[in-house]
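Asks: What shape does this take:
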Amino acid sequence: MKTPYFKSLALLFLPVFLATSCANSNDQTEEKVIRYHVIFDTDANNEVDDQHALAYLLFNGDYFAVEGVTVNATSDPDGYDTFSPVSDHYDEAKRVMQLCGVFDRIPLLTGAQGSFEEIRPFIDQPDFDGHEAVDFIIEQAMRERNQELILLPVGKLTNIALALLKEPLIAERLRIVWLGSNYPEPGEHNQDWDIPSMNYILDLDVSFEMVTVRYGDPSGTDAVKVTQAQIFHRMPGKGPQIDEPVTGRHGGEFYNWGDYSVDLFTHYQMWGDPPARSLFDQAAVAIVKNPNWGEQYQHPAPIFLDGRWVERPENPRKIIIWEWFDIYGIINDYFITMANYVLAERP
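Replies: Now for the predicted structure:
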C-alpha cells in the first residue's frame, strides 16, 4: 500500500523538521560518489516551476554536471491554450542562467517551436525546426563518458523524440526522466502539447521514466507545493550576486536569482490557504538527486490513444513510473540548496 506524504503545508515551517532535513542532507552529501551528467529541456516561460527547477539544478553542482539547457515552445503564462514563441522560452531560461551565474559557461540552445509530427518530415534537412537543440542532444549523447546521459525534459517531449528519430543509436546511451502525464488518468499540460512525441518514445527501447503530475491527487508532483509566504521569507538575496542586472519577465531589474524568484511568485496566481504553487518540475530534478524522495515501479509501456491510456500488459518494453513524493524532503532541500549553493559546471 502506498503511503501518502501529503499533509498540512504549515508543517514545512517546523524548526525541528528543518534541522532533521539539514542532517539528512549532510548525510546524503557524504554518501554521494558521482555527478550525474544532465541536459535540461524546458518550456521555461510557461509557468514558475521550470525556473525554480533550473535554478535548483544549477545550484547542485556537487550532484550534477550540466551539459546544456535546451528549450521548446508550449503555452505562455497567460493561458493554457495561448501559444508562446520558442524565443520567449529561450529568453526566460537565459534570465535564470544569468542570475545563477552560469550563462557564460553552460550552453543554451533553441529547440522546437512546432510538434513532432509537423517537424518529422523535415528531419533530414540541416535547418529543420529545433535543429540546434536536437543536434546538441545527439552530439552529447554520442560523447564517450563513463555513465549514461540523463535527459530531464520538463515540457513537451518534441526535442527528445526528434533526437531519437534522427539518430536511433543514442537510445542505448540515454536515461530520460520526464515530468509529465497524469497516468493512469488522461490530461496534463506537457503530455497534451505533443502526444505523438510521447507515444513515439513509449514504443522505443530507451530508458524512460514518467514523473507523474496528477492534478489534485496527493500521489503526484502536484502535491509538491511551496507557499508564497515561504518564497517571500526565504528567497530574497539568494544565489550569487551578478554585476549587470537582468530585466525580469514582468519588468524590474535583478542581481540574483532569489529576488527574481520572489518577483515570479508575486506576479503568478496562487491557490489554496495558505496561497501556494506546485513545483512540479523541481520534483523531477530532486528524485534524480535522491531516489528516496519518490516511489517508483516498473510497468509495461502503455500507449495514449483517443484521449485515454491503453494498457499493454504483454509489452516486453518496460518504463518506470514515479509517484508518492516526499514533499518535505524535496521542498526543504530546495531551500537548503538555495542557501548553500554549489554552481554547476559543464565537464
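Asks: Can you list the low-confidence ranges for the stretch 1-150 of the chain?
Replies: Residues of the stretch 1-150 of the chain meeting the criterion pLDDT under 70: 1-33, 76-82.
Asks: which residues in it form strands?
Replies: Remark: strands assigned in the stretch 1-150 of the chain by DSSP state E, counting those that start in this stretch are 36-42, 64-71, 108-110, 149-153.
Asks: Throw those strands into a markdown table and include distance to Asn290, thanks.
Replies: All C-beta atoms are positioned from the backbone trio N, CA, C, and that covers glycine. Converted to a markdown table, the strands of the stretch 1-150 of the chain look like this (distance: least, C-beta to C-beta, whole Å):
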| stretch | distance to Asn290 |
| --- | --- |
| strand 36-42 | 11 |
| strand 64-71 | 12 |
| strand 108-110 | 26 |
| strand 149-153 | 14 |
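Asks: Serialize those to CSV and add fields for mean neighbour count and distance to Ala229.
Replies: CSV is the format used below for the strands of the stretch 1-150 of the chain (neighbours: other C-beta atoms under 10 Å; distance: least, C-beta to C-beta, whole Å):
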stretch, mean neighbour count, distance to Ala229
strand 36-42, 26, 26
strand 64-71, 25, 29
strand 108-110, 22, 32
strand 149-153, 25, 29
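Asks: and Pro168, which of the ones you listed is closest to it?
Replies: Across the strands of the stretch 1-150 of the chain, Pro168 has its closest neighbour in strand 149-153 (15.0 Å, C-beta to C-beta).
Asks: what residues does the closest one touch?
Replies: When contacts are defined by C-beta atoms under 8 Å, 6 or more residues apart in numbering, strand 149-153 is touched by residues 36-42, 57, 67, 137, 140-141, 143, 159-160, 173-180, 190, 284-285, 288.
Asks: Can you flag the buried ones in those residues?
Replies: Those of those that meet the buried threshold are 36-42, 57, 67, 137, 140-141, 159-160, 173-180, 190, 284-285, 288, by 16 or more other C-beta atoms under 10 Å.
Asks: Glu47 reaches Tyr268, doesn't it?
Replies: Yes. The pair Glu47 / Tyr268 is scored as a contact, 7.2 Å apart, by C-beta atoms under 8 Å.
Asks: More neighbours: which of the two?
Replies: Higher neighbour count among Glu47 and Tyr268: Glu47, with 23 against 15, using other C-beta atoms under 10 Å.
Asks: any idea of the mean pLDDT in the host helix or strand of Gln296?
Replies: Gln296 is part of strand 295-300 when elements are defined by DSSP states H and E. Strand 295-300 carries an average pLDDT of 98.
Asks: list the buried ones in it?
Replies: Under the neighbour-count criterion of 16+ other C-beta under 10 Å, strand 295-300 has 295, 299 buried.
Asks: Who are the packing partners of that strand?
Replies: Contact partners of strand 295-300 among helices and strands, from 3 or more C-beta pairs under 8 Å, 6 or more residues apart in numbering; DSSP states H and E: strand 318-323.
Asks: helices or strands up against the helix or strand just after the strand it packs on?
Replies: Sequence-wise, the next helix or strand downstream of strand 318-323 (DSSP H and E) is helix 327-339. Where contact means 3+ C-beta pairs under 8 Å, 6+ apart, helix 327-339 is packed against helix 15-31, helix 49-58, strand 225-227, helix 228-234, helix 280-289.
Asks: Quote the end-to-end distance of stretch 293-304.
Replies: End-to-end span of stretch 293-304 (C-alpha to C-alpha, to the nearest Å): 27 Å.
Asks: from the chain's centre, how far out does it sit?
Replies: Remark: stretch 293-304 is offset 18 Å from the chain centroid, using C-alpha atoms, centre = their mean, to the nearest Å.
Asks: Just the residues contacting it, thanks.
Replies: Here stretch 293-304 makes contact (C-beta under 8 Å, 6+ apart) with 2, 183-184, 186, 191, 195, 198-199, 202-203, 208-209, 211, 283, 286-287, 309-326, 329-330, 333.
Asks: For PyMOL, write the selection for the buried entries among the residues you listed.
Replies: Paste this into PyMOL to select the buried members of the contacts of stretch 293-304, with burial taken from 16+ other C-beta under 10 Å:
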select buried, resi 183+191+195+198+199+202+208+209+211+283+286+287+319+320+321+322+323+324+325+326+329+330+333
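Asks: any idea how far Asp203 is from Ser278?
Replies: 30 Å (C-beta to C-beta, to the nearest Å).
Asks: got it, and Thr70?
Replies: In terms of C-beta to C-beta, Thr70 sits 23 Å off from Asp203.
Asks: Please apply the same query to Ala276.
Replies: 37 Å.
Asks: do Pro236 as well
Replies: Taking C-beta to C-beta as the measure, Pro236 falls 47 Å from Asp203.
Asks: Repeat that for His52.
Replies: Here His52 is placed at a distance of 32 Å from Asp203 (C-beta to C-beta).
Asks: ok, now Leu343?
Replies: From Leu343 to Asp203 the distance is 39 Å (C-beta to C-beta).
Asks: What segments of the stretch 151-300 of the chain are helices?
Replies: 158-166, 189-192, 195-202, 228-234, 257-267, 280-289 (DSSP state H, counting those that start in this stretch).
Asks: related to what we said a few turns ago, buried sites along the helix or strand that comes right after the strand holding Gln296?
Replies: Downstream of strand 295-300, the first helix or strand assigned by DSSP H and E is strand 303-305. By neighbour count on 16+ other C-beta under 10 Å, the buried set for strand 303-305 is Phe304.
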